[in-house]
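Enquirer: sequence and predicted structure below; questions after.
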Amino acid sequence: MRAFARTFPGRAESAARARHWLKDLLDHETCGAKVPAETAETAYLLLSELATNAAQHTASGRPGGYFSVFARFSTSRLRIEVTDEPTLSDPPVASSARPHDESGRGLGIVAALSTRCGDYRRARSHTVFFELTHGSRNGNGNGNFPPPLALTPLRHWLQRQSTARSHPIRSPARGRNGLFAPSPATA
């Protein structure tokens, strides 16, 4: 497995820079793997979502702030992590988006399009990640992480949110394997 990392200023335009950095890695096969075009396009989109969230909703977006992107590649999967400076107050709050809202769907898009996603906190950082598999008949990469079925509770929750009236949701809880799961307040 090959790994790469880069740090970006915590500004909105850095999402495009992060996307171009990943594109350069994949276009030139610097990562050591041939990633199918469809998988690469999905990775660009999901990285944009996470980088934008880091710049807009965390301390990374403050003057002098930054976020880091870690990219790990193997012959059958890629994992992208975006590590930001956590907020100094409460953790970010997820909310369900109404049909005409212009924002509020980023983590739902990440969950719907990735093989696996989640987050974890450390003392001075917060990381959100996604994984995509490619070149595997069963969609389970090389067997080192669970199949897409592991996201079923999240997808079920997202479907419920899209049909329910909009209401704020407390911080998304982490379920098994660090995956986003519905908070007890909305279950």
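Expert: Right, received. Where do you want to start?
Enquirer: state the next helix or strand along the chain beyond the strand or helix carrying residue 69.
Expert: Taking DSSP states H and E as the definition, residue 69 sits inside strand 66-73. Next in sequence after strand 66-73, counting helices and strands by DSSP H and E, comes strand 77-84.
Enquirer: hang on, the earlier thing: neighbouring strands for the strand holding residue 69, and are they parallel or not?
Expert: Strand 66-73 pairs in its sheet with strand 2-9 (antiparallel), strand 77-84 (antiparallel), by DSSP bridges.
Enquirer: need the residues that contact it.
Expert: Strand 66-73 is touched from outside by 1-10, 14, 18, 21-22, 25, 31-33, 35, 47, 51, 54-55, 58, 60, 78-85, with contacts defined as Cβ atoms under 8 Å, 6 or more residues apart in numbering. C-betas here are computed from N, CA, C, even on glycine.
Enquirer: could you list the low-pLDDT ranges of this structure?
Expert: Counting by pLDDT under 70, the chain has low-confidence residues at 29-32, 87-105, 135-187.
Enquirer: what about the helices in it?
Expert: Secondary structure of the chain (DSSP state H): helices at 14-27, 37-57, 106-113, 152-163.
Enquirer: ok, back up a step: for the strands paired with strand 66-73, which one ends up most surrounded?
Expert: strand 77-84 (a mean of 24; mean count of other Cβ atoms under 10 Å).
Enquirer: re the thing from before, quick one: closest of the strands paired with strand 66-73 to residue 113.
Expert: Closest to residue 113 of these is strand 77-84 (Cβ to Cβ; 12.0 Å).
Enquirer: leaving out sequence neighbours, find the closest residue to residue 67.
Expert: What sits nearest to residue 67 in space, not counting adjacent residues and going by Cβ to Cβ, 6 or more residues apart in numbering, is residue 54, at 3.9 Å.
Enquirer: again with residue 106
Expert: Leaving aside its sequence neighbours, residue 106 sits nearest to residue 49 (Cβ to Cβ, 6+ apart; 4.2 Å).
Enquirer: right, and that neighbour touches residue 112 too?
Expert: No - contact criterion Cβ atoms under 8 Å: residue 49 and residue 112 do not qualify, at 11.0 Å.
Enquirer: quick one: which of the two has more around it?
Expert: Higher neighbour count among residue 49 and residue 112: residue 49, with 21 against 14, using other Cβ atoms under 10 Å.
Enquirer: from residue 8, how far off is residue 73?
Expert: Between residue 73 and residue 8 the computed distance is 19 Å (Cβ to Cβ, to the nearest Å).
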